[in-house]
Structure formats: structure tokens, C-alpha cells
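[1] got a predicted structure plus its sequence, pasted below:
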Amino acid sequence: MVVSLFSPLTSTHFQPHLFLFHPKSIPFPSLKPRNRLIPSNFSASSTASNNNINSSTVASSINQNRPRTLFPGGYKRPEIKVPNLVLRLSSEEVLRDDKNVLDVIDNAVSDRVGVVVLNGGEASGKKLYEAACLLKSVIRDRAYLLIDERVDIAAAVNASGVLLSDQGLPSIVARNTMMGSNTESVVLPLVARNVQTSDAALDASNSEGADFLIYSVRGDTHSEGLVNSVFGSVKIPIFIMVDSLGDEIMFEKALNLLKLGASGIVISVDELNLFRHDKLNKLFHGDYASNKKAEERSQSFDKLKTLDTDNGFPGKKGKAGFTKLEEKEQQFIEKERAILLEAIDTIQRAAPLMGEISLLRDAVSQLDEPFLLVIVGEFNSGKSSVINAFLGQRYLKDGVVPTTNEITFLRYSELDYNVQRCERHPDGQYICYLPAPVLKEMIIVDTPGTNVILQRQQRLTEEFVPRADLVLFVISADRPLTESEVTFLRYIQQWKKKVVFVLNKSDLYQNAEELKEAITFIKENAKKMLNAEQVMLFPVSARGALEAKLSVPSSGLGQYERSLNTSYQETSDFSDLEKYLYSFLDGSTSTGIERMKLKLETPVKIAEQLLSASQKRISEECQQAREDLVLVNDLISSMKEYVWKMESESSSWKKQILSLINNTQARVIKLAESTLQLSNLDLVTSFVFKGDKSAPMPVTSSLRNDTIDPAISETKKLLGEYGTWLQSNNTRQGSLYKESFEKRWRSFIVPSVQSQLEASEMLRTKNEVGIRVIEDFSAAAASKLFEQEIREVFVVTFGGMGAAGLSASLLTSILPTTLEDLLALGLCSAGGLLAISNFPARRQKVIDKVRRTADALARQLEEAMEKEFSETTENLIKFAELVGNPYQDMAQSRVDKLSNTLNELTTIEEKLKTLQIEIQNLHVLR
Ligand SMILES: Nc1nc2c(ncn2[C@@H]2O[C@H](COP(=O)(O)OP(=O)(O)OP(=O)(O)O)[C@@H](O)[C@H]2O)c(=O)[nH]1
């Protein structure tokens, strides 16, 4: 299935994106995955690093439903560095209680060893699993870990791949099993084959689709034979394994094979221990390096190392893509280069982990390279045959089983006509230098067939499509426009490539009618798919054309002339294709100008794709950052809401305490009223006759014991509870609040620890103003005051009244109310009337005094409680600010930063659009 560049992949939670490659390999453009275990975070991983954010650990919550890379399916091939050592060891060695072994492995993987192969030996699956886990923790990501034969264990420990014997599982099955067990991996598992014969080597590298081979060489193996039968034909890396490198003869043999083109050797732990450094050096730098072939290899390796910076194009730099350029055009190319470099810079800053940027870098560096004609099509459609027919020689192998397993570059070389020199490059590309003159002007690229069940080959081709200046889509006449061709075509269209169709094997049609039907069918459908008015399609018979060409003596003619001079039917159709392709090379024709436009457009289109992917990504991140900011602000203001809520709850506490005071006040007043009765003869006589010497009123002690004391202790208890309620609610709310920040943005490291400490202190502050108020209120003093007030009222009332008044007052002892008291007194003693008549007023005064005292206490308590509340909540708000502000600043700065990035991307988008228009108007320059 081809996944649209921007359509969601339902099977994954990854974002488009960004995954890192093995550090030792040269990554093909790729995107790095985010850590999906981390929920929602300030999303910074793919964008330029944020000041406050540890971007390596930061993940975003917008990691839903996105394609993993810009390539369909989203997988990447691991790549093998050569020359290299493969360390072979057994689980017994790893589990041996010997730290030295692990140290040796540790040193080895940080030095020359790029692949470690673990075999179980006699050990059980359990032991092998344990050894693999241990080994993985030692190797980390410094080398690939392969498990010998055990796909299940490789999958269980998430190893890089498996090494299979030539009798083992088919590579495709092993690769699929591993992929199935780790659906989140974005890197295809490595499948290596252990082979002993040249046939097995060829088989494994061709139809099996292995990533590299380990070739077991015995004492009787002839190096030259091996080189002729295997090295020349196998395009994937070959590592040599001998019985014992300690054996001088075998060591020399391995060394010799390295010189002759092997990619490295397999070594054991003991051998690593045994060899001094200089012996290993000898393997890689000594004679090996002085050998011409090795030189070429190390050059290509060096070149590979600089792919990203120099020219992502393997092989020596060719002639400039545009010959005889006029100054204006030269200036245009320089201008384009400058804009593209600016685009690279902007995209890289916007999405530093977007591996696909190397596509653009390569394309920019290829502006000086010849035109890149890329041949694609399903396996067996005749791609190699079309190339051979075009070049007039059987340079490439053809066959009914998939034969092209690597990207094969055909470049010009001034060698003898029949000699071709090929180099294998560790990034999965194979370069052949051919003497075909047309290659001076264009590089032809043969790609592995699509629709192969081998993902690796399909991936190689997909990865190469964006680099193409022109895509030649070869369709086989026996299956015109299959479903997978349609899918692949759609993928090509995403990169906006110019596609020319070749309907090969047209000799298979019975008659012209059938051919016409097929052409109409393909054209109609291709038009719809490519949304194009015109579709270029050439029906050919590549096999026939080549045979025809080969049957014509060369007679000093160039290929083009030869093909045009060939008059038989087989080549007549093919010559239309040739004419078309040759017209591309002629700068004076419209197709020649088109060639220039296509070449110039290739990097622009890649830039547009990457730009649009980054814009989409950054817009989403920006959206996420805005949501983060809203969330932070909401969280901060949620504290104010909490305080309002607390305020209403706090008033119910206040009400409770005030009603307690009120009740007490009512009880005291009631007591005062019942005590201040004229009929209260006991008191009257006691106060009037005994004066100050009278005993304290029993009512006073009852007032204190039964009313005031219990009220005070109840108030104190309530105030204590109120304080605890306030404190615990605040602490709980505070820590919930802090936690919600920490949980939501786990990886954010709060810049100042000091402010965090201050914040925590604030929550701990205890407030006991209310308790102090109530403690300051003395029950003893209040009771005493009460008694004094009562006493005073009686003394003032009765002090000058005399016996008549008193006896009159006796009458009142049987009368229940104050009014009746007064009436009786008035009747009995006109002299005491005045004093008596003032009694109610005095009593009222006492009551008022009681009321005032209680009100004052209530007010004090209310104020204290309010103070306590506001101090505590102010602290809470301050705490909220101290905790929330750094998050708020961070979210704000992310929004600002991402908005800026978006603006920068828009600016470069405008420039690219203008450039595109200028390219389209190029003919005006001429
Ligand atoms: N009948 C007929 N057969 C052809 C023609 N061209 C190629 N073939 C045959 O088709 C088969 C595949 O040809 P290749 O050129 O190897 O096809 P390919 O697309 O390069 O194959 P892979 O690289 O494996 O994907 C071979 O057996 C060719 O002989 C043609 O024009 N007519």
C-alpha cells in the first residue's frame, strides 16, 4: 500500500517523521519517531530547540495517525558501513562471568566492529535470550546486533536483524516476522546470509534479497575463483569468514580477499583479544589501503561519508548537467542554488530531525551533474532490457526472476568499448562505468522492480524516485497497468515527476489492434491518475531492439546513428523512444530546454515537498503550542476559581462560628434579664446591705461554666477546624495544581529551583489569627464584668429606697413581670418610684453592653477569619504564579518561536514559487 504523503497511517501513532538512523550509516532521508509513551508535552522534538526545553526528551501529543516518512509505508533500510568487522560470538561467551569479554565487546563496537552476530551454540533459548539482552545493553546503538538463525529471539530482544544459513528461513519470511513483531520500528530488519558457495551467494543476493553476506572461506577456496564468480556479480556487501584468523595462512587469505573487494571480515572475541592493534590496522590500512581497488573502495567510502555535505551522488563527479550554458543561465543556476540552500537552512531549523533533507542537499549538489534518467517498473517488466537496447549492448543482466536488487548507476567512462567497471557502494548503490557516449550527457539509473514482495528493493526504488529528473516507467505488455503500478505511479506523482511510459514486450501482442487497445487503456488511465492532458507512451520491444542492434556491425557509427540506421521492425518503435530521449540532449530543441527545466525543477520540487511537510508539521506544533498556552493559562486561572469556591465555603465556617457567638450572646442576655429582676430579693438584699462584701452571685459561676467557657472552647475548636480545613485544602489544591503541570509537561525542567522551594514554603505557612483572638478573650474577666454590671444596677436602683420600697418589693416577688414589678413598686412607694422607674433602662444598658461585647468578639473573629483566609489564599495564588509562570513563559515562547518559524517557511515558500515560475519561463532567457 502506498500511503499518501499526508494521509494518516491508521496503524501507527508516529508522526511524519523523524527517525534517526544507525549512527554509523549514512542515513537515507528519514524522520525520527517520538517517544509515544510520553503523553502530551510541549512539542519540540522536530522543531528548533526551545530554550527551556530538553528537546531530546520532549514529545508531543500530536503524534496521531501520521505517515512515518515521506516514503510510502514509512520504512527505512539500515545501511552497512564498509570496510568493517563483524564480531561473532556465542551466548556462552557473553554470559561467562568475565567482565573482560564485555569490555572487549564494548571497545570493539566503539572502534571497528559495525555488526555483532550472536549465536546460541549449545545454549538453550532462555540463555540465548539473556545473552542477547545483555549484549544489546553493551552495544547500545553503536553496532547492529544480529541473532544467528533465531528470528524469534531477534524479534523478542528487538535486535537489528538475523543471520540465516543458506538452509535457513527465506529472507523475506525472516524480515516479515521481525517487522510483524515490532510494528513500531521504522527501520527494516537486517537479514544476512551465511553462504559457502558462489551459487548460494548469488541466490541470496538476488532473489532472496539479503542485506549482506557472510562468506565462509575454507583453506581450499581459491581466492581468484571467488572473486570472479561472486565479487563481480554480487552487489551487496560480502564479509569473509575464515576458520581461524589466528592461523597465519588464513589471515593472509582474508587480507587478500579484502584487497580483492570483500567488504570486511568476521572476527571472534578471542581473535580480537589476540590481535594487537597493528594487525587490525593492517587489515584496514596496510597493504589493503595501498591496493588500487581498495583505494577506490576507501575513496568511495570516504565519499560516502561526505554524501550529505558534498554530493549525495555516488561515483566520480561527471560533466556538468548543462553544457555550453550562457551566462544568464549560469546566473540562474547560481540563484537557484542560493535559494535552495536557504530553503535547506530554513527547513533544517524548522525540523532538524527531518532526515529527508539529505534528498534536497543531494539534489542541489546534483545541479552540476548530468541529467538523471531513472528507469522504474515492476520486476521483470524489462527495465534492464530497455536500458541495454538504448545503449546498444547487453550491459545489464536480464532474466525472468528479479535481477536488479540494487540501484544501479550507469555512468560514462572512457574505457575500452567492451569493458565495464562496477563498484559496490555501501549505501545500497551500484555504479557501473560504461563507455556508452550517451552517458556523457545523462546518467541512467536502473532500479529494482516494484511489486516485489521484497520490501527492501521496493524501498530502494521509492527512495530514489525524488532524485530523478525524468522517470521512464516501463510497463510489461503482458500485464498492462497493474494495481501495484497504479499505486507506484501515484507515489511518483506525489513528487511531481515527469513520467514517460514505455510499453515493453509489445511483440507479445497478436496484432496491431491489441497493441492499440493496450496503449489507449494505459494512456486513458495514466491521464486520469497524473491529471495530465497528454501522456507520453512508447510501445517497444526492447529485446527485439537490442537483438537487432547487436546484429548490425558497429562500423564506426555511434549508437544513435546505429539505431537510427537500423531499418527493421523491431527497432522502429524503439527508435521513437530513442529519438525522444536523444532530443533531451539537444539544448536547442524544446525537449532540450525541457530537460534543463526538469533538471532545475528536481530540487525545487523536493524542496516544496519537504517544505510543505515541515509547514504541516510546524502548523500542528504551533496549534499544539497554542493549546498548551491556553491550558497553562486555564490552569493558572483555575486557582482563582478555586479561591472563589473556597471563599463561599469559608463563609459557612464564619456563619457557624458567628452563630455560636450569637447563641452565647442570647444566652447571656437571657441570663442578665432573668437576673436583673426587682423581685430578685436575694441579690437585692445581698448587694444593698452587704455592699462589696456580698458573696459572688451563683449566676456568675453558672454563666462562666455553663455558657461562656463551653462557647469559647467550641469556638476554639471550630476555629482550629477552620484553620485545618483552610490549610489542608490549600496544600491539596496546591499539590494537585503542581502535579497537573508536571504530569502534562513531564520533560519540562523548571528553570529555578529556588522559586519552587519558595512556592512550597508558601503552602506550608500556618495562620492562627482567629485562635489568638479567642484565646485573648477571657471568660473569667467577662463573667466578672457581668457580675459587676448586675451589682451596679441593683445598688443604684435600691441603694436609697429604704424599707418601704423594700417591703413593696416583697409584693413583687409573687408578680411575674417587670411591668407588674413597677406597678407594685409605684403603688407601695412613691419615693422609690423614680429610682425604680430607671431600673429597666439600666437593665437594658447591661443587656446592650453584653450585646456589644459579644458583637465585638464576633467582629474580631470574623475579621481574623477573613484575614486568615485572604493570607492563605494570597499565598496560594502566589504559589500558583510561581509554579505556573515558567510553564506559561515556555508555552508563550514556543508559540512565538513556532509562529516565527512558520513565517520563515512561508517566506521561503514564496521564493520557491517565484523560482518555479522563472524556471517555467526559462525559454525566454534564450
Ligand atoms: N517478449 C519479450 N520479452 C522481453 C522483452 N524485453 C525483456 N524481455 C524479457 O523479460 C524478462 C525480464 O527482463 P529484464 O530486463 O530483466 O526485466 P527487469 O525489469 O530489468 O527485471 P528486474 O530487474 O528483475 O526487475 C527477461 O526474460 C527478458 O528477456 C521484450 O521486448 N519482449
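    Yes, it's here. Numbering: from 1, shown residues only.
[2] in this protein, which helix or strand is least confident?
    None of the helices or strands of the chain scores lower by mean pLDDT, DSSP states H and E than helix 292-305, at a mean of 36.
[3] show the subsequent helix or strand relative to that one.
    Note on helix 292-305: by DSSP states H and E, the next helix or strand toward the C-terminus is helix 327-350.
[4] dump that next one to PDB, restricted to CA.
    The C-alpha coordinates for helix 327-350 follow below in PDB (Å, rounded to 0.1, in the frame of the first residue of the first chain):
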ATOM      1  CA  GLU A 327      26.000  33.500 -18.700                       C
ATOM      2  CA  LYS A 328      22.400  34.300 -17.900                       C
ATOM      3  CA  GLU A 329      21.600  30.600 -17.400                       C
ATOM      4  CA  GLN A 330      24.700  30.200 -15.300                       C
ATOM      5  CA  GLN A 331      23.500  33.000 -13.100                       C
ATOM      6  CA  PHE A 332      20.100  31.500 -12.900                       C
ATOM      7  CA  ILE A 333      21.600  28.200 -11.600                       C
ATOM      8  CA  GLU A 334      23.600  30.100  -9.000                       C
ATOM      9  CA  LYS A 335      20.500  32.000  -7.900                       C
ATOM     10  CA  GLU A 336      18.500  28.700  -7.700                       C
ATOM     11  CA  ARG A 337      21.300  27.200  -5.700                       C
ATOM     12  CA  ALA A 338      21.300  30.100  -3.200                       C
ATOM     13  CA  ILE A 339      17.500  29.900  -2.700                       C
ATOM     14  CA  LEU A 340      17.700  26.200  -2.300                       C
ATOM     15  CA  LEU A 341      20.500  26.400   0.300                       C
ATOM     16  CA  GLU A 342      18.400  29.000   2.100                       C
ATOM     17  CA  ALA A 343      15.500  26.500   1.900                       C
ATOM     18  CA  ILE A 344      17.700  23.800   3.300                       C
ATOM     19  CA  ASP A 345      18.700  26.000   6.200                       C
ATOM     20  CA  THR A 346      15.200  27.100   6.900                       C
ATOM     21  CA  ILE A 347      13.700  23.600   6.800                       C
ATOM     22  CA  GLN A 348      16.500  22.200   8.900                       C
ATOM     23  CA  ARG A 349      16.000  24.800  11.500                       C
ATOM     24  CA  ALA A 350      12.200  24.200  11.400                       C
END
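[5] which other helices and strands contact it?
    Packed against helix 327-350 by the contact rule (3 or more Cβ pairs under 8 Å, 6 or more residues apart in numbering; DSSP states H and E) you find helix 357-365, helix 590-675, helix 839-920. In short, each C-beta sits where N, CA and C put it, glycine included.
[6] just want the angle from that helix to helix 357-365.
    170 degrees (axes from the mean of the first three to the mean of the last three Cα atoms, to 10 degrees).
[7] now tell me what touches helix 327-350 from outside.
    Contact partners of helix 327-350, identified using Cβ atoms under 8 Å, 6 or more residues apart in numbering, comprise 47-48, 322, 325, 354, 357, 360-361, 363-364, 367, 596, 600, 603-604, 607, 610-611, 614, 617-618, 901, 904-905, 907-908, 911-912, 915, 918-919, 922, 925.
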